[in-house]
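# Sequence and computational prediction follow.
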Amino acid sequence: MLSTLLSPLGLSRSLKRSPSLPKLSTKPWKAVCEMEATKQLSFDFLTKKPYAPPSWASHLSPIPSHVFSLAHVPTPIHKWNLPNLPKNTQLWIKRDDLSGMQMSGNKVRKLEFLMADAVAQGSDCIITIGGIQSNHCRATAVAAKYLNLDCYLILRTSKVLVDKDPGLTGNLLVERLIGAQIELVSKEEYAKLGSVTLTNLLKERLLKEGRRPYVIPVGGSNSLGTW
């Protein structure tokens, strides 16, 4: 199915919307969410809290006003014992793989600030963009689901696959299981138009449909996400 988008310049183009799949049961996901929420009650999971920066960053601006608790933090730092290291050299690993089951890794740290901003702006859906197996896109879809926001993902794939069903492998399984709306774009189109134009095209379409979209850039990497 093709969904026609109108750019701010009035030029039309298309993103390939992922073909419909048989409806997946949400019961397994609901059970996972309930277990995860129970496990994370100790740190007020999904609580929106006022944010105060550390002293060494207090001079930066703008400072976020709030943050959502979406991760197990602080994550531990483990010493890594490797043979043949240079003298007086130590290696330590920051274990952000322990930050949470569905949003593990550093991606969730950015989303804690970005999702708080999206909710503060009254958004009802999230738009973001990345590669076909983007960890950021998966984490964004999960965070949006937790906060009862719809999620629209623009995923970059090869030209020969852009008109085909992307399947259920890897991060796609999680994204489709929780109901994220997936739109495909070829690598060539992505290179030609860029991520900002592509997300803005989708944003304009959703605004015309009466939605209130919030755009998160590639990787969640902007001045707010870097906090």
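Looks like it came in fine.
# Most distant residue from the centre of this structure?
Distance from the centre of the chain peaks at residue 87, with 40.9 Å (CA atoms, centre = their mean).
# Quick one: neighbours of residue 200, just the number.
17 (other CB atoms under 10 Å). Placement of C-beta: from N, CA and C, glycine included.
# picking up where we left off before, double-check that the residue farthest from the centre of the chain belongs to a strand.
No. Counting by DSSP: H, G, I helix; E, B strand; the rest coil, residue 87 is not part of a strand but coil.
# Before we move on, what's the pLDDT of it?
According to the prediction, residue 87 has pLDDT 89.
# Please apply the same query to residue 41.
Turning to residue 41, the model gives it a pLDDT of 44.
# Ok, residue 97 next?
87.
# I'd say it and residue 108 touch.
No. Using CB atoms under 8 Å, residue 97 is not in contact with residue 108, being 11.1 Å away.
# and those two? which has more neighbours close in?
Counting neighbours by other CB under 10 Å for residue 97 and for residue 108 shows that residue 108 has the greater number, 25 against 11.
# give me the element that one is part of.
Under the criterion of DSSP states H and E, residue 108 resides in helix 107-120.
# From the rest of the structure, what touches that helix?
Helix 107-120 has contacts (CB atoms under 8 Å, 6 or more residues apart in numbering) with 48, 51, 64-71, 73, 96, 99-100, 103, 126, 135-136, 139-140, 143-144, 147, 149, 214, 216, 219-221, 224-227.
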